[in-house]
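[1] 3D model of this:
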Amino acid sequence: MQFQSLNIIDPILKAIDEEGYTIPTPIQEQSIPIILQGTDLLGCAQTGTGKTAAFAIPILQLLSRNTTYVKKRKIRSLIVTPTRELAIQIGESFKAYGRHTKINSTVIFGGVNQNKQTSSLQGGVDVVIATPGRLLDLMSQGFISLSDVELFVLDEADRMLDMGFIHDVKKLLVALPKRRQSLFFSATMPPQIVKLASTILFKPKEVSVTPVSATVDLIKQSVYFTDKGKKNALLVDVLKDKNIKTALVFTRTKYGADKVARVISKQNIKAEAIHGDKSQNARQRALTNFKAQTIRVLVATDIAARGIDVDDLGCVINYEIPNIPETYVHRIGRTGRAGAKGIALSFCDASEKEYLKDIEKLISKSIPVIEDHDFPLEDHNPEPKPKQQRGGNKQGHARPKPTGNNNQKKWYGKPKTNR
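    Reported below is the predicted structural model:
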């Protein structure tokens, strides 16, 4: 199927063609006609399946039908997403697909001075792509009104819950018009996500593409068993392979990301870290450098990496095995996009073996083990790590749990956030 068969208007088709797209992905093929009909949509699609275009293209087309607002612009579409990087990426997509329309857009996020954003809003804008915190802040200051919103998108809804944004989302729902078209996208559909969807959508149609348990067949997955103290040396050794032109390395914590970036930088491997403690300018600079391949390695935490979309990313490395199996699928989905081949390598110490078992159970396959390397696992019985409890507290962290006997209780402290 070609994009032309989806009844997309010529200005948008021209932009799509200029972007090099000819055939829609499954999520685009199924979602675009539903959205153009004005129907609410519940979409389950993991990162890397093309879902941004699945809602951006029909939104641009629907807004283009009514030119009444061109001279006196009001916010007619709102897209809410959890991270700054993802908001920026979505904003770039709207500008690319809408370059030949009269629809304009702006991106709103925290961590930077608001003046540039408020100036854009005061000049009039059709589409706002925003993170929840800054959006609510500008609403309270009177810079943003949602009373004219016709199309509302909640993107990466599962991550919203992980990051504790549920209360912010509820505040936004109160401010939105009751009569609107709503689109809800999430990579997973646990009960709490379904419950949230029921408060947002009206008689929605459902589209589910590439379930989270499915990993792309083109991604070559492998695991190294090694000791925790050997992971830095193993990473440096792996990166000696010149065939790995770019690598996205995942750590569990912000401190770990900085430490790994420093270690490999000392080995004359150009690397930068990206996480929630970095300023927005620093994060964007690191991402820009990585996309331009002026640095070879980007070390990231999971939440900071949300929204990273790099063409031809050759390799994802799990420096630490994620304790939530779905996170593994999200991570490795950064490579092997658009039919390209990719490599996913994981470093597993003895305390992470249970996490690896959970991942293999989710994806219904065993990940091949690389036996022949210089940093094999020797300490087979370290203290096991606490498993994260699903649900957690309102910040999205695992609830601490006691361990030990009744006479002497030891508590695991609150886990470091990986934002």
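
[2] give the contact list for Phe152.
    Taking C-beta atoms under 8 Å, 6 or more residues apart in numbering, we find Phe152 in contact with 77-80, 176, 180-183, 200. For the C-beta atoms, the positions are set from N, CA and C on the backbone; glycine is no exception.

[3] kindly apply the preceding question to Ile200 instead.
    Residues in contact with Ile200, defined by C-beta under 8 Å, 6+ apart, are 152, 154, 173, 182, 184.

[4] what about the fourth one, which SS state?
    Taken by DSSP: H, G, I helix; E, B strand; the rest coil, the conformation at Ser182 corresponds to strand.

[5] begin at 134 from here
    Understood, numbering begins at 134; the last thing we discussed is Ser315.

[6] near it, how many other residues are there?
    Taking other C-beta atoms under 10 Å as the criterion, the count of residues near Ser315 is 22.

[7] separation between Arg312 and Phe335?
    If you measure Arg312 against Phe335 using C-beta to C-beta, to the nearest Å, the figure is 9 Å.

[8] quick one, which of the contacts of Phe285 are buried?
    Among those, the ones that count as buried by 16 or more other C-beta atoms under 10 Å are 210-213, 313-316, 333.

[9] low-confidence ranges in the stretch 434-552 of the chain?
    The stretch 434-552 of the chain contains residues with pLDDT under 70 at 436-442, 444, 470-473, 515-552.

[10] let me fix that: the stretch 134-283 of the chain
    Checking the stretch 134-283 of the chain against pLDDT under 70 turns up 134, 180-181, 200-204.

[11] please, where are all the strands along it?
    In the stretch 134-283 of the chain, the segments counted as strands under DSSP state E, counting those that start in this stretch are 174-178, 210-213, 238-241, 260-263.

[12] still on that earlier bit, the contacts of Ile333 into CSV, with extra columns for pLDDT and distance to Thr421?
    Conversion of the contacts of Ile333 to CSV gives the following (pLDDT from 0 to 100; distance: C-beta to C-beta, whole Å):
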residue, pLDDT, distance to Thr421
Phe285, 97, 30
Leu287, 95, 28
Leu306, 93, 35
Ser315, 96, 33
Phe317, 95, 31
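
[13] max pairwise distance over those residues: which two?
    Distance extremes for the contacts of Ile333: the farthest pair is Leu306 and Phe317 at 11.5 Å, using C-beta to C-beta.

[14] between those two, point out the one with more neighbours.
    Higher neighbour count among Leu306 and Phe317: Phe317, with 23 against 16, using other C-beta under 10 Å.

[15] OK, contacts around that one?
    For Phe317, the contact set (C-beta under 8 Å, 6+ apart) comprises 173-176, 286-287, 290, 329-330, 333-334, 337.

[16] how does it look with 10 Å?
    Phe317 sits next to 173-177, 285-288, 290, 326, 329-334, 337, 339 when contact means C-beta atoms under 10 Å, 6 or more residues apart in numbering.

[17] what about Ser497, distance to Pro458?
    Ser497 sits 11 Å away from Pro458, going by C-beta to C-beta.

[18] what about the two, which has more around it?
    The neighbour comparison of Ser497 against Pro458 (other C-beta under 10 Å) goes to Pro458, with 19 against 9.

[19] ok, that one touching Ile496?
    Yes: the pair Pro458 and Ile496 passes the contact test of C-beta atoms under 10 Å, sitting 7.8 Å apart.

[20] related to what we said a few turns ago, out of Arg312 and Phe335, name the residue with the larger neighbour count.
    Counted by other C-beta under 10 Å, Arg312 and Phe335 do not tie: Phe335 has more neighbours, with 12 against 7.

[21] of the contacts of Phe317, which belong to strands?
    Within those, residues falling in strands by DSSP state E are 174-177, 285-287, 339.

[22] nearest to Asp350, of those?
    Distances from Asp350 to these, taken by C-beta to C-beta, are shortest for Cys177, at 19.5 Å.
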